[in-house]
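**Q** Any chance you can model this:
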Amino acid sequence: MADFNPLIKDWYRLNKRRLPWRLTKDPFKIWLSEIILQQTKVEQGLSYYLKFTNRFKTAEDLAKTTEQEVLNLWQGLGYYSRARNLHFTAKTVVNEHKGKFPKTYTELLKLKGVGSYTAAAIASFCFDEPVAVVDGNVYRVLSRVFDLEIAIDSSEGKKYFFELAQNLIDKEDPALFNQAIMEFGALQCVPKNPNCEICPLDSICLSKSNGTWMNRPVKSKKTSVKHRFFHFLIFQNDQTTYLQKRSEKDIWQNLFQFPLIETDENSEINNFENYTPHTPSKISAEIVHVLSHQKIHARFYHFNHLPSKIDTDWMAVKMTEIQDYPIPRLIDRYLEIESLE
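**A** Prediction:
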C-alpha cells in the first residue's frame with residue numbers, strides 16, 4: 001500500500017474545499033472548528049465557526065464571557081455539552097496555561113471535551129506532531145481500502161485503526177495527510193453510493209475488488225434509542241409567559257424551556273389542576289425530535305392566561321424576550337412556525 005499516501009495527498013490538493021480553519025495554524029481557531037464540527041456537517045458548522053471567531057479572538061475572550069452567552073451563540077447546533085465544555089476549557093487554558101494551548105497530543109488530551117481525535121487534529125495541524133486523526137470518515141476510508149472486517153466500535157477496532165493510520169501518516173507533513181484522508185472520506189469515499197469509477201484509490205481498494213465496500217465499515221453495536229414524552233405548557237397573558245431552566249445533568253442542561261411535564265406514555269394530558277383549573281386553548285400535534293440516543297415526542301399546550309400556581313424554578317419573561325435565552329432547537333423550531341402574540 002505504498003501508493004496510498006501520495007495518491008490521497010494528490011487528490012486533496014486538487015479537490016479540497018477552501019475552509020477558513022484551513023487557512024490558520026492558530027490552535028484556538030482549530031480547537032473551535034473541531035469542537036463545532038463534532039456531530040455537525042461542515043455546511044452547518046461554518047456559520048457557527050464564523051460567529052464564534054468574530055465574537056471571540058482568543059481563549060481569554062471566550063473565558064471572560066458567560067456560559068449563557070456561549071449557549072445563546074450555540075443555539076440550534078445541538079449537543080450542548082460541547083458548548084459548556086468549550087467555555088470550561090477556555091477558562092482552563094487561561095488559568096492553567098497562561099492562555100496558550102498545550103502543544104502536544106498527550107497534554108491536549110487533558111483538556112475537558114478534547115478527545116483523541118480533536119487532540120490529534122490540533123497537535124498535527126498547529127504543531128506538526130505526527131499523530132493520526134481517526135474520525136468516521138477515516139474509519140470508512142481505511143476499512144474499505146484495506147477491506148477490514150474488524151468492528152470500528154470495539155476497543156480492539158479503535159486501537160487497530162489508530163495504529164494503522166499512525167503507520168500510514170506522513171511524518172514530514174502530518175497536517176496535510178490528516179486533512180487529506182478526512183476530506184477524502186467526506187467528499188469521495190462517502191457512506192452511500194460512492195463513485196468508485198473515478199476514485200484515485202480504485203486500483204488499490206481491496207473492498208472494491210472483493211465487492212465488499214458496501215459492508216464497510218463494520219459495527220458491532222446497535223444504538224438503543226430511549227423514547228421520552230414531553231408536554232410543554234405555554235401560559236401567556238399580556239405578553240408575559242413562563243420559562244424554567246434545565247439544571248439536571250440531562251439533555252439541554254442549563255437551557256431554558258417552557259414548563260414541562262414528562263410522562264411515561266405517549267398520550268395527551270387532560271388534567272392540569274397542579275397549575276390551573278382551565279383547559280388548554282390549543283394543543284399542538286406531536287412533534288418528534290431525534291437526538292443521538294433519544295427520541296423526544298413533544299406536545300405544546302397553550303393557555304390564554306397565567307397559571308394560578310407556579311413551581312419555584314419558573315420565571316416570568318416577556319414573550320418578546322424568549323429569544324434572549326438559550327433554548328433547545330425543538331422549542332426554537334416550534335416558535336419559528338407558531339406565532340405567539
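
**Q** End to end on stretch 273-283, go ahead and measure it.
**A** Stretch 273-283 has an end-to-end distance of 17 Å (CA to CA, to the nearest Å).

**Q** Would you pull up how far that stretch lies from the middle of the chain?
**A** Here stretch 273-283 shows a centroid-to-chain-centroid distance of 36 Å under the convention CA atoms, centre = their mean, to the nearest Å.

**Q** Also stretch 327-339?
**A** 19 Å.

**Q** where are the low-confidence patches of the stretch 151-300 of the chain?
**A** Within the stretch 151-300 of the chain, no stretch has pLDDT under 70.

**Q** where along it do the helices fall?
**A** 155-168, 174-187, 206-210 (DSSP state H, counting those that start in this stretch).

**Q** Check the gap between residue 199 and residue 187 for me.
**A** 11 Å (CB to CB, to the nearest Å). For glycine as for every other residue, the C-beta is placed from the backbone atoms N, C-alpha and C.

**Q** cool, and residue 96?
**A** 38 Å.

**Q** Around residue 294, how many other residues sit close by?
**A** 14 (other CB atoms under 10 Å).

**Q** Ok, the one 10 residues further on next?
**A** Residues within reach of residue 304, counting by other CB under 10 Å, total 12.

**Q** cool, residue 296 as well?
**A** Using other CB under 10 Å, residue 296 has 19 neighbouring residues.

**Q** What of residue 327?
**A** The burial count for residue 327: 22, using other CB under 10 Å.

**Q** who's more crowded, residue 199 and residue 187?
**A** Neighbours per residue, other CB under 10 Å: of residue 199 and residue 187, the larger number sits with residue 199, 19 against 16.

**Q** Give me the nearest residue to the more buried one, chain neighbours excluded.
**A** Leaving aside its sequence neighbours, residue 199 sits nearest to residue 188 (CB to CB, 6 or more residues apart in numbering; 6.1 Å).

**Q** Quick one: residues contacting that neighbour.
**A** Counting by CB atoms under 8 Å, 6 or more residues apart in numbering, residue 188 touches 11, 15, 194, 195, 199, 200.

**Q** Flag every buried residue along stretch 148-165.
**A** Across stretch 148-165, burial judged by 16 or more other CB atoms under 10 Å covers 148, 150, 151, 152, 157, 158, 160, 161, 162, 164, 165.

**Q** That should have said stretch 195-207, apologies.
**A** Those would be 199, 200, 201, 204, 205, 206, 207, for stretch 195-207 by 16+ other CB under 10 Å.

**Q** can you pull the contacts of residue 317?
**A** Taking CB under 8 Å, 6+ apart, one finds 240, 241, 242, 243, 325 in contact with residue 317.

**Q** okay if I get these as a markdown table plus neighbour count?
**A** Listed next are the contacts of residue 317 as a markdown table, based on neighbours: other CB atoms under 10 Å:
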| residue | neighbour count |
| --- | --- |
| 240 | 13 |
| 241 | 23 |
| 242 | 20 |
| 243 | 19 |
| 325 | 17 |
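
**Q** of the residues you listed, closest to residue 105?
**A** Nearest to residue 105, judged by CB to CB, of these is residue 325 at 38.0 Å.

**Q** Distance of that closest one relative to residue 82?
**A** Residue 325 sits 19 Å away from residue 82, taking CB to CB as the criterion.

**Q** can you confirm residue 317 is in a strand?
**A** Yes - assessed by DSSP: H, G, I helix; E, B strand; the rest coil, residue 317 belongs to a strand.

**Q** mind putting the buried residues of stretch 148-165 in a markdown table, distance to residue 236 included?
**A** As requested, those are exported to a markdown table (distance: CB to CB, whole Å):
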| residue | distance to residue 236 |
| --- | --- |
| 148 | 57 |
| 150 | 56 |
| 151 | 51 |
| 152 | 49 |
| 157 | 52 |
| 158 | 50 |
| 160 | 57 |
| 161 | 53 |
| 162 | 53 |
| 164 | 58 |
| 165 | 54 |
